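# need coordinates for the following:
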Amino acid sequence: MLWLKDCGTISVANSILNSDELDETVAHLLVAACNDGYAQGYSECSQHVVNALQVDWDTSRSATHGADTEAALAAAKTQFNTFQLPVMDLVIVALQSEDFLTQLREVFPNREDDDDEDLD
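The predicted structure follows:
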């Protein structure tokens, strides 16, 4: 159990925080949020110009013209909220085992303490 306290929990956290899959999902969410924010801001600004100058403002050259940024942001949020890491499946399987420590050590080998069997 000492291994779990000293190494196992840290290994799980590092596997989650350093995963490429999480980075990609968060980056996708950030890009979608920026695009939607730009589109919403451009739309609001265009409305102010139309109201202030009493002119029709052509928004067809906007970078987000015709793009459904709101739906893209909603999809990115859903992807983030339902995101699952493969390493967590391994952890769940290991924790359901009678010898979960051995299973976890196989998933997260600790090079420094592999030979220290007294850590159990």
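# so which residues of the chain form helices?
2-3, 9-17, 20-53, 69-81, 86-95, 100-107 (DSSP state H).
# out of the ones you listed, which is closest to Ser62?
Shortest distance between Ser62 and these, using CB to CB, is found for helix 20-53: 5.3 Å. Every residue, glycine included, has its C-beta placed from N, CA and C.
# angle of that closest one against helix 69-81?
Helix 20-53 and helix 69-81 are oriented at 160 degrees to each other (axes from the mean of the first three to the mean of the last three CA atoms, to 10 degrees).
# so for helix 20-53, mean pLDDT?
Averaging pLDDT along helix 20-53 gives 92.
# numbering from 191 from now on, please.
Sure, I'll start counting at 191 from here, so that last one is helix 210-243.
# show me what it is packed up against.
Secondary-structure packing of helix 210-243 (3 or more CB pairs under 8 Å, 6 or more residues apart in numbering; DSSP states H and E): helix 259-271.
# so for the helix it packs on, what's the average pLDDT?
Over the span of helix 259-271, the pLDDT mean works out to 96.
# contacts for it, please.
Contact with helix 259-271 is made by 215-216, 218-219, 221-223, 225-226, 228-230, as judged by CB atoms under 8 Å, 6 or more residues apart in numbering.
# filter the residues you listed down to the buried ones, PyMOL style.
Command for PyMOL that selects the buried part of the contacts of helix 259-271, burial taken from 16 or more other CB atoms under 10 Å:
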select buried, resi 215+219+222+225+226+229
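# hang on, the earlier thing: could the helices of the chain go into JSON lines alongside distance to Ser250?
Converted to JSON lines, these look like this (distance: least, CB to CB, whole Å):
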{"stretch": "helix 192-193", "distance to Ser250": "62"}
{"stretch": "helix 199-207", "distance to Ser250": "43"}
{"stretch": "helix 210-243", "distance to Ser250": "11"}
{"stretch": "helix 259-271", "distance to Ser250": "16"}
{"stretch": "helix 276-285", "distance to Ser250": "44"}
{"stretch": "helix 290-297", "distance to Ser250": "54"}
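# quick revisit: make a markdown table out of the contacts of helix 259-271 and add distance to Leu275.
Shown next, in a markdown table, are the contacts of helix 259-271 (distance: CB to CB, whole Å):
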| residue | distance to Leu275 |
| --- | --- |
| Thr215 | 10 |
| Val216 | 12 |
| His218 | 15 |
| Leu219 | 16 |
| Val221 | 21 |
| Ala222 | 20 |
| Ala223 | 22 |
| Asn225 | 26 |
| Asp226 | 26 |
| Tyr228 | 30 |
| Ala229 | 31 |
| Gln230 | 31 |
